[in-house]
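A.B. asks: Need a 3D model of the following:
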Amino acid sequence: MNWLKLNFRRVLVLLAVAAVIFFAAQQWRGPIVDVAAVEAGPIEQSIVVSGRVQAPNRIEIGSVITGRVVKVLVEEGAVVEPGQPLIQLETAELQAALAQADAAVAGANEREKAVRELSLPQAVDTVTQAEAQFKFSDSEFQRYRELRDKGFISDSRLQEQVRQLDVARSQLAAARTAARAQGASGVQARETAVKLTEARAARDLAAYKLAQTTIRASVAATVLVRAVEPGDIVSPGKRLLVLNSRGETRLTAQIDEKNLPYLKIGQVARASSEAFPDRNFAATLYYISPGVDVTRGSVEARFRVAAPPDYLRADMTVSIDIGVARKESALTAPVDALRENGGERTMQIVKSGSVQTARIETGVRGTTRVEIVAGAAAGDLVVLTRGIADGARVRTRQRR
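C.D. replies: As a prediction, the model looks like this:
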């Protein structure tokens, strides 16, 4: 019995010693840390931002005249073509105004025709008669003056003939003035021409107002909002419909100003919607704002979408991945291994079971890996775990 107890104690002592030796060895070997290998391969640097689908042009449709709505010819979601009627207003009053304007134009035309075909010929005839009368009076004056000079008549008889000659001269001048007034460039002709122009302008205005009772689409578009119903009284400035014109699809995004050095017109990005993450599409950067938004420290960028997917909607939120640099062959390591302190970049490398800190020069930086230009070699194991002291012994657990 004593022998068994003695052997049991010896076993316990041996187990304790073994445990102490094991834990001491583990302590000497250090903690387990996650590491990854420096590898050669392609790397792409990209900027990922959130953006929105920008409608090519959002158009608010209103009326330029006041009137009552008779019909609304489209519903929300309808696709319309240029010139297609959208809203019909009441027309009775404006049709009457147009008829009145037509009558005014007809009257002005008749007055102009009367001056040209009646008044002017009459004035010409009057001038002819006045000239004949003046010639007769002048010849009579000459005859009476000879008779007076010969003593056959008195001066009073001659003075009477002088007055008749003056009247004939005055009548001739008046007839000529009246003829000039009614001629092609005369006052009366110009006045009738002005009246005719005014009547035609009034008629054009009446026709324009009548045409405005039918509100039409100016471009090919989709109806987004319908804010009017039959019976409504509309007036200038009131929004009736909102259209989203069909055309080039564009994206807009705010990009942190620190990324400006990487942006270039013509860069191709991949965009996707959270609702359809597996259906991405290409977008081309075509505009970078020359100004910076001081409140957000960002610049506006715009992208063209040459082949938009059918699920895109105006104002939809999209994720835009802009590829700004790519190398087909480079030494890379996980971004998690990079330590940055001010302008200095370092990585911890495991060599002979110990951690050594190395200064690193980096190049292209992707979302998960960074290019190593200098400071590490292919196959080096870089430490991913944080908080490991320089020079510490560690055991590694490789992660890809």
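A.B. asks: How confident is the prediction for the residue nearest the centre of the chain, by pLDDT?
C.D. replies: Most central in the chain under C-alpha atoms, centre = their mean is Asn57, positioned 5.4 Å from the mean C-alpha point. Per-residue pLDDT puts Asn57 at 72.
A.B. asks: Tell me who's in contact with it.
C.D. replies: Residues near Asn57 by C-beta atoms under 8 Å, 6 or more residues apart in numbering: 219, 244-245, 247. In this view, the C-beta of every residue, glycine as well, is placed from N, C-alpha and C.
A.B. asks: Kindly give a single PyMOL line that selects the buried subset of those residues.
C.D. replies: Selecting only the buried entries of these in PyMOL, with 16 or more other C-beta atoms under 10 Å as the criterion:
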select buried, resi 244+245
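A.B. asks: now, among the contacts of Asn57, which is nearest to Gly77?
C.D. replies: Asn244 (10.3 Å; C-beta to C-beta).
A.B. asks: partner residues bridging the closest one?
C.D. replies: For Asn244, the residues forming beta bridges with it (DSSP bridges) are Arg58, Thr222.
A.B. asks: isn't it right up against Ala221?
C.D. replies: Yes. Counting by C-beta atoms under 8 Å, Ala221 is a contact partner of Asn244 at 5.9 Å.
A.B. asks: residue contacts, the closest residue to Gly363 other than its chain neighbours?
C.D. replies: Leaving aside its chain neighbours, Gly363 sits nearest to Glu371 (3.7 Å; criterion: C-beta to C-beta, 6 or more residues apart in numbering). By C-beta under 8 Å, 6+ apart, the contact list for Glu371 reads 43, 327, 330-332, 362-365.
A.B. asks: can you give me the helices for the stretch 101-250 of the chain?
C.D. replies: 120-149, 155-181, 187-211 (DSSP state H, counting those that start in this stretch).
A.B. asks: Make CSV from these and add mean pLDDT, mean neighbour count and distance to Ser298 to it.
C.D. replies: What follows is the helices of the stretch 101-250 of the chain, written out as CSV (pLDDT from 0 to 100; neighbours: other C-beta atoms under 10 Å; distance: least, C-beta to C-beta, whole Å):
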stretch, mean pLDDT, mean neighbour count, distance to Ser298
helix 120-149, 75, 15, 77
helix 155-181, 76, 15, 74
helix 187-211, 83, 16, 47
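A.B. asks: and those as a markdown table, adding distance to Leu338?
C.D. replies: Formatted as a markdown table, the helices of the stretch 101-250 of the chain follow (distance: least, C-beta to C-beta, whole Å):
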| stretch | distance to Leu338 |
| --- | --- |
| helix 120-149 | 100 |
| helix 155-181 | 98 |
| helix 187-211 | 69 |
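A.B. asks: Ok, which of those helices comes nearest Ala103?
C.D. replies: For the helices of the stretch 101-250 of the chain, the distance to Ala103 is smallest for helix 187-211, at 9.1 Å, taking C-beta to C-beta.
A.B. asks: thinking again about what came up before, between all of the contacts of Glu371, which two are at the greatest distance?
C.D. replies: Leu331 and Arg365 (13.1 Å).
A.B. asks: Which one of the two is surrounded by more residues?
C.D. replies: Using other C-beta atoms under 10 Å as the criterion, Leu331 and Arg365 rank with Leu331 on top: 22 against 18.
A.B. asks: Could you identify the helix or strand that succeeds the helix or strand where the more buried one lies?
C.D. replies: Using DSSP states H and E, Leu331 maps to strand 317-334. Once strand 317-334 ends, the next helix or strand along the chain (criterion: DSSP H and E) is strand 339-341.
A.B. asks: roughly how far apart are the residue lying closest to Asp315 once chain neighbours are set aside and Arg111?
C.D. replies: Closest residue to Asp315 apart from its sequence neighbours, by C-beta to C-beta, 6+ apart: Arg52 at 5.7 Å. Counting by C-beta to C-beta, to the nearest Å, the separation of Arg52 from Arg111 is 63 Å.
A.B. asks: and what of Gln95?
C.D. replies: 25 Å.
A.B. asks: quick one, which of those two is more surrounded?
C.D. replies: Arg111 (18 against 13).
A.B. asks: got a list of what the more buried one touches?
C.D. replies: By C-beta under 8 Å, 6+ apart, the neighbours of Arg111 are 192, 195-196.
A.B. asks: Closest one of the residues you listed to Glu146?
C.D. replies: Nearest member of the contacts of Arg111 to Glu146, counting by C-beta to C-beta, is Thr192, at 48.5 Å.
A.B. asks: residues in contact with Val64?
C.D. replies: Here Val64 is in contact with 212, 236 (C-beta under 8 Å, 6+ apart).
A.B. asks: if we go to 10 Å?
C.D. replies: Applying C-beta atoms under 10 Å, 6 or more residues apart in numbering to Val64 gives the contacts 208-209, 212, 215, 234-237.
A.B. asks: Need those in CSV (columns: distance to Gly323).
C.D. replies: What follows is the contacts of Val64, written out as CSV (distance: C-beta to C-beta, whole Å):
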residue, distance to Gly323
Tyr208, 54
Lys209, 56
Gln212, 51
Ile215, 46
Val234, 50
Ser235, 52
Pro236, 49
Gly237, 47
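A.B. asks: Thanks a lot, catch you later.
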